Structures are given as structure tokens and as C-alpha cells.
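**Q** okay, predicted coordinates and the sequence, questions at the end:
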Amino acid sequence: MEASAGNPEAAARRLEALNGIAELVIDEEVLELANKLISNGGFPAAAEADSLHVAVAAVHDIDYLLTWNFRHIDNAATKPIIRAICAARNTPAPKSERQWNYFRRMRTMYKDGIIAEVWRNRDLYAEKHHHRLAQIVADLQARQQQPGCKLVDRRDRSKQRRAEREAVPP
């Protein structure tokens, strides 16, 4: 819930933009993959929120994960590790895509106030939960129980797509 943190006026605008957008279910399967992504070297221990983002996308068979996060989610060194961990459980990792024309924007990205605020909010959220994945997940699951929270569970679609992939010979 990085969108709800930070400057109250900016947070209100972000939450308004997100109003009505369904959330993907976070459950034990997601938590298990997030933990494997950390324990098997896909993410450092301090990047639990990032491993959770990828785990949610992978479990729900999301094709693309757009990100500004080059430290962990779209890191060239760890992407093969993340893909291998996901492949071991027959779940394709989402393709992480950087902002178009990344290298030209790289110099200004770290000066961008919105991105800096999102990163600050993410770090504060993780710190609030002592960088413990289980506490982060518990908080998100509690938020998902709130009235009006729209949830989406794409696993039926995911199982169908996995079965189709398995049926095709390599």
C-alpha cells in the first residue's frame, strides 16, 4: 500500500486513481513463493516487499510487471535466478519492463520527486513491519478483508495456461 503513504494530498490523488481497481489475492501460495525468492537468492532479505510483488504477479500469471525498481525487480543479475525459482514450480516469472528509454532517463530518475516518494514510502512500509514478509502479508491480507476491496484470483486461468505449456513438447 505504498500509494497510501507519504504526502497526504498526493496520497489522496494516488488512491483516487486506484479506486475501483481490483487487487490480486495474497495467500499462502504467494507467501511461499515470495519466501523462496528470498531464500534461493532472487532477492536480498531486506527486499521482502519486492519479492512479494513478483510472487503475486507470478502466482496469478501476470505477463508483465512494469517497474521503476532496478535494484531488485528488474535487476539483470538476479532476473535469471528469479526466472529459475519460478520455473521450478512451473510458474513463469513475469517479464519486468523498465521505463521506456531507460538509459536516457537514468540521470533524472533519481531526482524525480514522485519516484523518490514512492521508494521512501515503500521503505517506511517495510520498516513499519520490521522488514518481515509475514507481517507485510498479514497487513495486506487484513486490508483485503476491508469492505469494498475488490479482489481478483487468476489462478484458474494460470492453471489452464500452465497445462497448455506442459502439453506443448519442448
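**A** Sure thing, it's come through.
**Q** you'd agree residue 81 is up against residue 40?
**A** Yes: contact criterion C-beta atoms under 8 Å: residue 81 and residue 40 qualify, at 7.0 Å. In this view, the C-beta of every residue, glycine as well, is placed from N, C-alpha and C.
**Q** pick out whichever of those two has more residues nearby.
**A** A side-by-side neighbour count of residue 81 and residue 40, using other C-beta atoms under 10 Å, places residue 81 first with 16 against 13.
**Q** helix, strand or coil: sort out that one for me.
**A** Of the three states, residue 81 takes helix under DSSP: H, G, I helix; E, B strand; the rest coil.
**Q** how far away is it from residue 146?
**A** Residue 81 sits 35 Å away from residue 146, taking C-beta to C-beta, to the nearest Å as the criterion.
**Q** same thing with residue 93?
**A** Taken as C-beta to C-beta, the span from residue 93 to residue 146 is 30 Å.
**Q** so between those two, which is more surrounded?
**A** Set side by side, residue 93 and residue 146 show more neighbours around residue 93, with 23 against 7, by other C-beta under 10 Å.
**Q** so for that one, what's the nearest residue that isn't a sequence neighbour?
**A** With C-beta to C-beta, 6 or more residues apart in numbering as the criterion, residue 93 has its nearest non-adjacent residue at 4.0 Å, and that residue is residue 86.
**Q** convert the C-alpha atoms of the longest helix seen in the chain to PDB, please.
**A** Counting by DSSP state H, the longest helix found in the chain is helix 113-128. Extracted C-alpha coordinates of helix 113-128, given in PDB (Å, rounded to 0.1, in the frame of the first residue of the first chain):
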ATOM      1  CA  GLY A 113      10.200  13.600  -6.600                       C
ATOM      2  CA  ILE A 114       7.400  11.100  -7.200                       C
ATOM      3  CA  ILE A 115       9.700   8.200  -7.600                       C
ATOM      4  CA  ALA A 116      11.700   9.200  -4.600                       C
ATOM      5  CA  GLU A 117       8.500   9.500  -2.500                       C
ATOM      6  CA  VAL A 118       7.300   6.000  -3.700                       C
ATOM      7  CA  TRP A 119      10.600   4.500  -2.700                       C
ATOM      8  CA  ARG A 120      10.600   6.300   0.600                       C
ATOM      9  CA  ASN A 121       7.000   5.100   1.300                       C
ATOM     10  CA  ARG A 122       7.900   1.600   0.400                       C
ATOM     11  CA  ASP A 123      10.900   1.600   2.700                       C
ATOM     12  CA  LEU A 124       8.800   3.100   5.500                       C
ATOM     13  CA  TYR A 125       6.000   0.500   5.000                       C
ATOM     14  CA  ALA A 126       8.600  -2.300   5.100                       C
ATOM     15  CA  GLU A 127      10.200  -0.800   8.200                       C
ATOM     16  CA  LYS A 128       6.800  -0.400   9.900                       C
END
